[in-house]
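S.K.: Please work out how this folds:
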Amino acid sequence: MNMQEYPKFFQLKNREQIMLRLMVPEDEERLLEFFKKLPEEDRQVLREDTTDPMVIKRWVQEIDYNKVYPVLAEHRGRIVGDATLHMKQYGWQRHIGEIRIVIDKDFRGQGLGKVMIHELINKATGLGLHHIQLSLVETQVKEIKIFERMGFQKIATLPKYIIDVNGHEHDLIIMTTRVSDIWKKMEELIQETEIDIIRGVQ
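M.R.: Model prediction:
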């Protein structure tokens, strides 16, 4: 993986400057702090207990950019966003990428999510992936609407398929889009959101 692509700097709608970069093993402590700060309702729908230090330790110790492409957003030394592109190396799903994203509650609504998804779509395009998919819980109504605006479509609803940390059952929503279709849409959304790309900042 070409680390020379990073860091990248952006200015959000609120004029705060954000740095995007790849996750590295040294991020263990700050990544754990980021996830511990998430509201409980956010952590309920995550696939692992990200408040468990051993979970984060495993993530940073087993980094393989060919399998999982992890992009972090940093603001003044603090991690405020985590977005990952998951890929299959072999088999009939090797042309499909799955994205997952978590944003600090203080940075939502400022375009950071769009910037990070745009970054993952850019990588998916470069890797020659054909489709991008994601999974959401029925309670994530706002997120579902946002992804629909980006061009994702619901392709399946699995009734009572997941159980949150409190033991409640929820429907799982599967959404997908073709990489070639979403790329142009993401470019338009970035421009609409008035996010500035800052070049030459060290």
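S.K.: from here on, contacts and neighbour counts on C-alpha atoms
M.R.: Noted.
S.K.: all helices for the protein, in order.
M.R.: 28-36, 40-43, 53-61, 112-127, 141-150, 179-192 (DSSP state H).
S.K.: correct me, but residue 159 touches residue 138?
M.R.: No - contact criterion C-alpha atoms under 8 Å: residue 159 and residue 138 do not qualify, at 9.4 Å.
S.K.: The two: who's more crowded?
M.R.: Neighbours around residue 159 and residue 138, counted as other C-alpha atoms under 10 Å, are more numerous at residue 138. The numbers are 17 against 12.
S.K.: residues in contact with the more buried one?
M.R.: 170-173 (C-alpha atoms under 8 Å, 6 or more residues apart in numbering).
S.K.: do you know which of the helices of the chain lies nearest residue 70?
M.R.: helix 112-127 (8.9 Å; C-alpha to C-alpha).
S.K.: For the closest one, buried residues please.
M.R.: 112-121, 124 (16 or more other C-alpha atoms under 10 Å).
S.K.: okay, and for the chain, where does confidence drop off?
M.R.: 1-4, 183-202 (pLDDT under 70).
S.K.: follow-up on the earlier one: ok, of the buried residues of helix 112-127, which one's closest to residue 9?
M.R.: residue 115 (10.4 Å).
S.K.: The closest one and residue 121: what is the separation?
M.R.: 10 Å (C-alpha to C-alpha, to the nearest Å).
S.K.: residue contacts, residue 136?
M.R.: 144, 172-175.
S.K.: Now do the shared contacts for residue 159 and residue 138.
M.R.: 170-172.
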